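K.L.:
give the three-dimensional model of this entry:
(chains A and B)
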Protein chains: 2
Amino acid sequence: MPDRLRVAVLGCGSVGSQVVRLLDEQADDLAARVGAPVELAGVAVRRLEAPREVEVPDGLLTTDATALVTRDDVDLVIEVIGGIEPARSLILAALESGKSVVTANKALLAEDGPTLFEAAEKVGRDLYYEAAVAGAIPILRPLRESLAGDRVTRVLGIVNGTTNFILDRMDTSGAGFTEALEEAQELGYAEADPTADVEGFDAAAKAAILASLAFHSRVTANDVHREGISDVTAADVASARDMNSVVKLLAICELRDGVGGDDAVSVRVHPAMIPRSHPLASVREAYNAVFVESEAAGQLMFYGPGAGGAPTASAVLGDLVTVARNRLADTRGAGESAYADRAVLPMGETVTRYHVAIDVDDRAGVLASVATAFAEHGVSIQTVRQEGRGADAQLVVVSHESTDAQLAATVETLRGMPAVREVTSVMRVEGVAE
Amino acid sequence: MPDRLRVAVLGCGSVGSQVVRLLDEQADDLAARVGAPVELAGVAVRRLEAPREVEVPDGLLTTDATALVTRDDVDLVIEVIGGIEPARSLILAALESGKSVVTANKALLAEDGPTLFEAAEKVGRDLYYEAAVAGAIPILRPLRESLAGDRVTRVLGIVNGTTNFILDRMDTSGAGFTEALEEAQELGYAEADPTADVEGFDAAAKAAILASLAFHSRVTANDVHREGISDVTAADVASARDMNSVVKLLAICELRDGVGGDDAVSVRVHPAMIPRSHPLASVREAYNAVFVESEAAGQLMFYGPGAGGAPTASAVLGDLVTVARNRLADTRGAGESAYADRAVLPMGETVTRYHVAIDVDDRAGVLASVATAFAEHGVSIQTVRQEGRGADAQLVVVSHESTDAQLAATVETLRGMPAVREVTSVMRVEGVAE
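P.N.:
This is a model prediction of the structure:
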């Protein structure tokens, strides 16, 4: 049993530098909580001379990450480089040489998690990754451990701060997407190339991780149906407001009936209207929150900062304490749990609800023909609101639950109808009891 | 290593019966998550014939709890009897005979936790108790593990559903305390004798447990300053509403400067005004939530059902899976962490803020004399609002931070002043940045 634990940190950007700072500042507390001192063994960076938020002690910086993670005197490795390579090779090299690993790398876990989990399993070491989803918010550990005696049926997450900031601005100021995005960029909430955030790639990676843990199955980023927010218009947001609802980009993971009566997993990222009374509706600005429904516990919500150097570093160090304790006790925590091996439903077979706003001619029979279009596709209507506006009228229809394929086909039919001037808003509806 | 784990359940009331039900219904999932079958070995009850919510298999009911917890073929014990005795003796007997224990017993942990923790430590077994605070909401595990690499500075909890229901009714309907309590009793949210809830005993036990974990120190129920809600008036609630605030019964655990510059712990339960913009303000009806502030993670909130048989059973079974895994791996989770050994501040030395509403004579010089009373006790005023009402006027004063002793002395002085007709509302203010 080692009398101290030595840590290698890969990457010294906004998260890595906070990890290095906290390892130093909290050293006494970390030692007391782990049961042995935790020391910084080295920090791997791309360039030695780059400006950094933290001063790394002399001689600890290196550009040879592979040598660092395989050093005999290193026990634990923290990977906060991000991206697929070289992160994957370094994590695999670390595990293969017997290190325990903590990572914040959502993209890698969502793309190739099973390869990493199997490598950890093989050597009997830990691979922990709380920081990969929703920053500082403890959500993976509660899903994996606190709810291990329960049956999780749904996870709804606001897991991307950039898009939540943009949608919140559109809601509060009436701004369009482009204007709100520019404001987010000016304030540092969005990157110069915002694609990964606004097109939902970041949220989709997190959805895959959440669904895997919640449903004890392997779900990768490729399994996630993904729609971003760049097509959300001021009209959509206004229409939501009229319904006393708000538009959020949601990561949705649900247990649904699959083929042959087996449970299947629906996992998707798309903008959706949720009622303002839903706990997720009050998540403002760049905050994140994850709403969990389970059979026995009922409805739970976890809320907090979803990004940022210090919050993410807090999650990394929480994991570090656990893997360090396990290392001292020569044991490991729970590994991957994929025993349920549930199928992922195609989006078309996923059951959801649509909100559709349509500009129509204001004459008798239009409502009947619109209602017929829904009925022809087997979609039942929950509410219709009609508002006359001079020569034309607006119809707002909210459907009951139906498959996404039926709902999408209904919208196609509507678009082709002579009485329909324009379908002005199509948005899924979530967070409402059917 | 056992090839299956056998569980004894002590108590078969609303929580115990749900535990027994879930052990049966989720048996396959529990086996997969633990790595071995988990079987019910027996259920200890006071009377064999009492009506129950669940059917216990033949031969498993017993009235001899001591014999059950010391049986050689029992590996894990779940205690959901509640109260101090016989729960304490049974848990100690279970630990001494090498069982791991899961309990939901907040009163016992808050009164005599260290005795139990030491017994668990001595035999190298687990004692887990997530269900003891805030029912199904995962809060103890996040504090103990997820935030183990961070420095928690404050915990604000709505941890008693009965009092939150009553205060929420007073806020939404304008009802007085007695009327709201009667409604809570009719709906089953309050017991016939509501003392433990409305006088804050239940919340104080939970505050002691939260403070112990958050600050790595031993805090017992006796250390907790406790004030209930039976003196909260409709006038207090209305005064809060005028401030765009709401009255909540809060369990407050803070790290504060103590004697000699060491950190000390302030731990208290009392009604307080919080702004409606605070995340805790929107916690309605009988829901619970715990708001955590830490140095690196920032502000986190955990929300969900704080009581009820099934939610509490979910938390118990989450712990059961962990202690069962540990038992299979012949290891144990983190035990008590009290290394920081921080002192508990007396209430008088605790720094807080007061909201005071006063009926005064409406004449020149009254505001000056009231302001002088605050100044004489060294209390700085943040805001004063004055409203004339015929011959008299109402002053509403919100102080800056001061010690509770100075603030209480100020109120005493105000009560004795000739110009003051009545101090109509005194309430602490929380959740506001100073």
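
K.L.:
okay, how far is it across stretch A:42-54, tip to tip?
P.N.:
Start to finish, the residues bounding stretch A:42-54 are 14 Å apart (CA to CA, to the nearest Å).

K.L.:
got the contact list for that stretch?
P.N.:
Residues lying outside stretch A:42-54 but in contact with it, judged by CB atoms under 8 Å, 6 or more residues apart in numbering or on different chains, are A:8-12, A:14, A:16-18, A:20-21, A:56, A:60-65, A:68-69, A:71, A:74, A:90, A:309. Heads up, the C-betas are built off the backbone N, CA and C, glycines and all.

K.L.:
just the buried residues of it, please?
P.N.:
Of the residues in stretch A:42-54, those buried under the neighbour-count criterion (16 or more other CB atoms under 10 Å in any protein chain shown) are A:42, A:43, A:44, A:45, A:52, A:54.

K.L.:
so which of the residues you listed comes closest to chain B?
P.N.:
Closest approach between those and chain B, by CB to the nearest CB: residue A:54, at 13.1 Å.

K.L.:
now pLDDT, distance to residue A:259 and secondary structure too, for the buried residues of stretch A:42-54, in JSON lines please.
P.N.:
Converted to JSON lines, the buried residues of stretch A:42-54 look like this (pLDDT from 0 to 100; distance: CB to CB, whole Å; DSSP: H, G, I helix; E, B strand; the rest coil):
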{"residue": "A:42", "pLDDT": "98", "distance to residue A:259": "51", "secondary structure": "strand"}
{"residue": "A:43", "pLDDT": "98", "distance to residue A:259": "50", "secondary structure": "strand"}
{"residue": "A:44", "pLDDT": "98", "distance to residue A:259": "47", "secondary structure": "strand"}
{"residue": "A:45", "pLDDT": "97", "distance to residue A:259": "50", "secondary structure": "coil"}
{"residue": "A:52", "pLDDT": "92", "distance to residue A:259": "53", "secondary structure": "coil"}
{"residue": "A:54", "pLDDT": "93", "distance to residue A:259": "53", "secondary structure": "coil"}
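
K.L.:
can I get these in JSON lines with distance to residue A:373?
P.N.:
Shown next, in JSON lines, are the buried residues of stretch A:42-54 (distance: CB to CB, whole Å):
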{"residue": "A:42", "distance to residue A:373": "65"}
{"residue": "A:43", "distance to residue A:373": "61"}
{"residue": "A:44", "distance to residue A:373": "59"}
{"residue": "A:45", "distance to residue A:373": "59"}
{"residue": "A:52", "distance to residue A:373": "60"}
{"residue": "A:54", "distance to residue A:373": "61"}
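
K.L.:
and the contacts of stretch A:42-54 near chain B, which?
P.N.:
residue A:18 (CB under 8 Å from any CB of the partner chain).

K.L.:
in helices only, show me the contacts of stretch A:42-54.
P.N.:
A:14, A:16, A:17, A:18, A:20, A:21, A:65, A:68, A:69, A:90, A:309 (DSSP state H).

K.L.:
how much space separates the residue most central in space within chain A from residue B:405?
P.N.:
In chain A, the centroid-proximal residue (CA atoms, centre = their mean) is residue A:206; its distance is 3.3 Å. Taking CB to CB, to the nearest Å as the measure, residue A:206 falls 49 Å from residue B:405.

K.L.:
what of residue A:77?
P.N.:
Distance check for residue A:77 against residue B:405: by CB to CB, it reads 51 Å.

K.L.:
what of residue A:237?
P.N.:
When residue A:237 is compared with residue B:405 (using CB to CB), they lie 51 Å apart.

K.L.:
what about those two, which has more around it?
P.N.:
The residue with the greater number of neighbours, taking residue A:237 and residue B:405 and applying other CB atoms under 10 Å in any protein chain shown, is residue A:237; the counts read 27 against 14.

K.L.:
surely residue A:128 touches residue A:321?
P.N.:
No: under the contact definition of CB atoms under 8 Å, residue A:128 does not touch residue A:321, with a separation of 10.0 Å.

K.L.:
what about the residue nearest to the centre of chain A, which helix or strand?
P.N.:
Of the helices and strands defined by DSSP states H and E, residue A:206 is found in helix A:201-215.

K.L.:
so the residue nearest to the centre of chain A sits right up against residue A:133, yeah?
P.N.:
Yes: the pair residue A:206 / residue A:133 is scored as a contact, 4.6 Å apart, by CB under 8 Å.
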